[in-house]
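# Quick one: sequence plus predicted model below, questions after.
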Amino acid sequence: GQCFDTGPAAPAEFRVVRWSLGGDDRMIFGKRVGALALLASSMSCQGTDSSGARFSSVEHGGVTTAHSQSPRWGQVQPSDRLLQFGLASGPEHLLFDRVSGVIRLEDRAIAVANRGSNTVRVFDDEGQLLDEFGGAGDGPSEFTLLRAVLRCQRGIITTLDWNYRQVRFTRDGELVDTWLMSLPNERLGVYRMSCNRMGQHVATGWGNAGWLDNPMGSYHAEGGLYVARSPTGPFEQIGTTPVADRARLAEGEYPHPFGRTTLVAAIEDGFVLGTAEDYAITVHTLDGDTSLIVRWDGPNRALDDEDVEAYLGWRLAGAEEAEHPAIRQQVSEFQLPESLPAYSDIRVGPGGVVWVRAFHAPWRPSRRWWGFLPNGEWAWELELEPDFEASEFGEGEVLGVATDELGVEAVRGYRVHLPRDSI
């Protein structure tokens with residue numbers, strides 16, 4: 001292969017710039033990277049490994065750019081169901097209602113956030129209830145609406161209430177502390193947040209999203225990018241980033257159905273950031289320095305009439321007939337991009353493996369996840385069952401919730417073998 005070097009990278013403040021509705025910006029770069037995004041698109045050192053997957057990796061100015069044409073080990077399927085529990089009727093602890101998170105604890109128990117009861121339930125693999133704590137209310141260990149259960153620190157069960165109030169418990173359900181997350185310079189607070197097992201957090205703020213003085217029509221919201229270096233904050237701002245593409249119409253404001261949302265995922269002493277504008281993510285230190293740019297060749301994302309009709313059909317199916325004319329009018333007013341978002345979620349698994357979910361929406365479902373090694377190589381493509389929503393990628397397993405055609409939820413886990421012995 002050949003390498004084309006456009007010269008040294010120029011310094012820049014940390015700012016992620018990308019496509020916006022009606023705009024032309026399409027670069028992704030960060031602090032002290034500057035022209036690196038342009039460099040990455042014009043530099044190619046491609047080769048083929050023994051598996052046939054094409055992968056290139058170029059280092060320039062302390063930043064590595066990795067590019068994959070296909071996953072090294074191709075598509076993998078879950079080998080078998082490791083566990084499943086949840087009933088349509090029976091013992092109350094096995095009746096799930098809007099599960100909002102499933103995680104594996106250090107003692108191999110499974111913690112489930114059940115939003116319907118605002119409780120965290122702890123089980124063994126057979127579905128035997130070991131503990132239950134939380135509840136609806138405004139007390140320190142209670143929830144208005146249980147948003148998630150997370151592993152933000154070893155030995156601690158971390159939960160989030162709807163207003164991003166962090167509530168931490170011991171394994172036995174004893175309250176440790178609470179932290180109402182706040183972001184400097186943000187009128188509306190946290191938009192997205194992720195944490196790692198060292199207790200470090202990364203978040204994006206709402207920025208100008210949702211402001212009543214925004215112009216009518218589609219617009220591109222930008223906000224702050226923040227990190228917290230300890231389990232209970234505080235957050236500090238390290239830069240700015242796109243937040244989401246949104247639409248302000250006469251009857252209200254919404255996330256743009258075909259717009260991008262910036263995603264963040266905390267890793268050890270850093271974070272992964274993706275704008276979903278292209279098949280690319282970036283890896284940064286907690287100070288915002290870019291260390292790795294990851295690019296890959298994903299499927300065609302052209303937005304066509306079928307996508308718009310599918311979205312419209314989904315909206316109409318969930319509304320009264322009297323509302324249909326207003327919905328049709330609303331959809332006709334959306335300013336449409338040329339392409340769909342590249343992906344819709346980012347998770348981090350054991351060993352620093354980053355999992356990126358192909359674009360998913362209720363009218364365009366996808367259970368496909370792409371796995372990337374710490375060096376940026378696209379390693380696997382994982383296809384999960386249509387009724388399953390992944391919550392956590394663990395060591396040799398993936399945990400989440402399955403929902404059948406009657407709406408009955410069950411906690412489910414799959415055993416997943418990820419070949420990587422030739423590394």
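Everything's here; your move.

# Glu405: which element?
Counting by DSSP states H and E, no helix or strand carries Glu405.

# Pro386 versus that one, what's the distance?
Distance, Glu405 to Pro386, by Cβ to Cβ, to the nearest Å: 11 Å. In this view, the C-beta of every residue, glycine as well, is placed from N, C-alpha and C.

# Thr241 now?
Separation of Thr241 from Pro386 (Cβ to Cβ) stands at 33 Å.

# What's the end-to-end length of stretch 54-68?
6 Å (Cα to Cα, to the nearest Å).

# which of Thr241 and Pro386 has more neighbours?
Thr241 (25 against 9; other Cβ atoms under 10 Å).

# ok, what's across the strand from that one?
Gly223 (DSSP bridges).

# Looks like it contacts Phe271 (just checking).
No - in this structure Thr241 lies outside contact range of Phe271 using Cβ atoms under 8 Å: 11.1 Å.

# what about Trp296, how many residues close to it?
So Trp296, with other Cβ under 10 Å, has 22 neighbours.

# Is it in contact with Arg72, as I believe?
No - the pair Trp296 and Arg72 does not pass the contact test of Cβ under 8 Å, sitting 11.0 Å apart.

# so what's in contact with these two at the same time?
Common neighbours of Trp296 and Arg72, using Cβ atoms under 8 Å, 6 or more residues apart in numbering, are Trp378.

# Wait, Thr261 touches Pro255, no?
Yes - contact criterion Cβ under 8 Å: Thr261 and Pro255 qualify, at 6.8 Å.

# which of those two has more neighbours?
Between Thr261 and Pro255, counted using other Cβ under 10 Å, Thr261 has the larger neighbour count: 22 against 14.

# now that one, nearest residue through space, not along the chain?
The shortest distance from Thr261 to any non-neighbouring residue, by Cβ to Cβ, 6 or more residues apart in numbering, is to Ala244 (4.5 Å).

# Confirm the one you found sits in a strand?
Yes - per DSSP: H, G, I helix; E, B strand; the rest coil, Ala244 lies within a strand segment.

# Tally up the residues packed near it, please.
24.

# residues contacting it?
Per Cβ under 8 Å, 6+ apart, neighbours of Ala244: 191, 209, 221, 255-256, 259-262.

# Give the burial count for the closest residue to Ser79 other than its chain neighbours, as a bare number.
Excluding the flanking residues, the one nearest Ser79 by Cβ to Cβ, 6+ apart is Arg415, at 5.0 Å. Look at Arg415: counted by other Cβ under 10 Å, it has 13 neighbours.

# shared neighbours, Thr261 and Pro255?
244-245.

# which intervals of the stretch 1-150 of the chain have sub-threshold pLDDT?
For the stretch 1-150 of the chain, the stretches with pLDDT under 70 are 1-53.

# one more time with 90, if that's ok
1-54, 74-80 (pLDDT under 90).

# Show me where it has its helices.
Ranges of helices in the stretch 1-150 of the chain, per DSSP state H, counting those that start in this stretch, are 36-42.

# Could you do the stretch 301-423 of the chain as well?
Under DSSP H, counting those that start in this stretch, the stretch 301-423 of the chain gives helices at 305-317, 324-333.

# closest one to Ser79 among those?
helix 305-317 (32.3 Å; Cβ to Cβ).

# so Ser339 bridges to which residues?
With DSSP bridges applied, Ser339 shows beta-bridge pairing to Ala302.

# Please apply the same query to Val76.
On the basis of DSSP bridges, Val76 is bridged to Leu382.

# That one: neighbour count?
Using other Cβ under 10 Å, Val76 is surrounded by 17 other residues.

# For Ile327, see how far away it is.
Val76 is 40 Å from Ile327, where distance means Cβ to Cβ.

# same deal with Phe55?
45 Å.

# for Leu83, same thing?
Leu83 sits 41 Å away from Ile327, going by Cβ to Cβ.

# Tyr191 too?
In this view, Tyr191 and Ile327 are 26 Å apart by Cβ to Cβ.

# Now, of the contacts of Ala244, which are buried?
With burial judged by 16 or more other Cβ atoms under 10 Å, the buried subset of the contacts of Ala244 is 191, 209, 221, 256, 259-262.

# Please identify the one among those residues that lies nearest to Arg229.
Closest to Arg229 out of the buried ones among the contacts of Ala244 is Tyr191 (19.9 Å), distances taken as Cβ to Cβ.

# isn't the closest one right up against Val243?
Yes - the criterion here is Cβ under 8 Å, and Tyr191 meets it with Val243 at 5.4 Å.

# Could you pull out the residues contacting both of these two?
204-207, 209, 223.

# What residues does Gly396 make contact with?
415-418.

# Kindly give a single ChimeraX line that selects the buried subset of the residues you listed.
Provided next is the ChimeraX selection string for whichever of those are buried by 16+ other Cβ under 10 Å:
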select :416,418
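
# TSV for the contacts of Gly396, including distance to Gly135 and pLDDT?
What follows is the contacts of Gly396, written out as TSV (distance: Cβ to Cβ, whole Å; pLDDT from 0 to 100):
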residue	distance to Gly135	pLDDT
Arg415	34	92
Val416	34	91
His417	39	88
Leu418	38	87
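
# Out of the contacts of Gly396, name the ones that lie in strands.
Arg415 (DSSP state E).

# between the contacts of Gly396, which is closest to Leu146?
Val416 (27.1 Å).

# about what we covered before: make CSV out of the contacts of Ala244 and add pLDDT, secondary structure and distance to Asp107.
Formatted as CSV, the contacts of Ala244 follow (pLDDT from 0 to 100; DSSP: H, G, I helix; E, B strand; the rest coil; distance: Cβ to Cβ, whole Å):
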residue, pLDDT, secondary structure, distance to Asp107
Tyr191, 94, strand, 33
Ala209, 73, coil, 40
Ala221, 88, strand, 42
Pro255, 86, strand, 38
His256, 90, coil, 43
Gly259, 93, coil, 42
Arg260, 94, coil, 39
Thr261, 95, strand, 35
Thr262, 97, coil, 35
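
# State the pair within those residues that is farthest apart.
Among those, Tyr191 and His256 lie farthest apart (Cβ to Cβ), at 14.4 Å.

# that older thread, beta partners of the residue nearest to Ser79?
Per DSSP bridges, the residues bridged to Arg415 are Asp80, Glu397.
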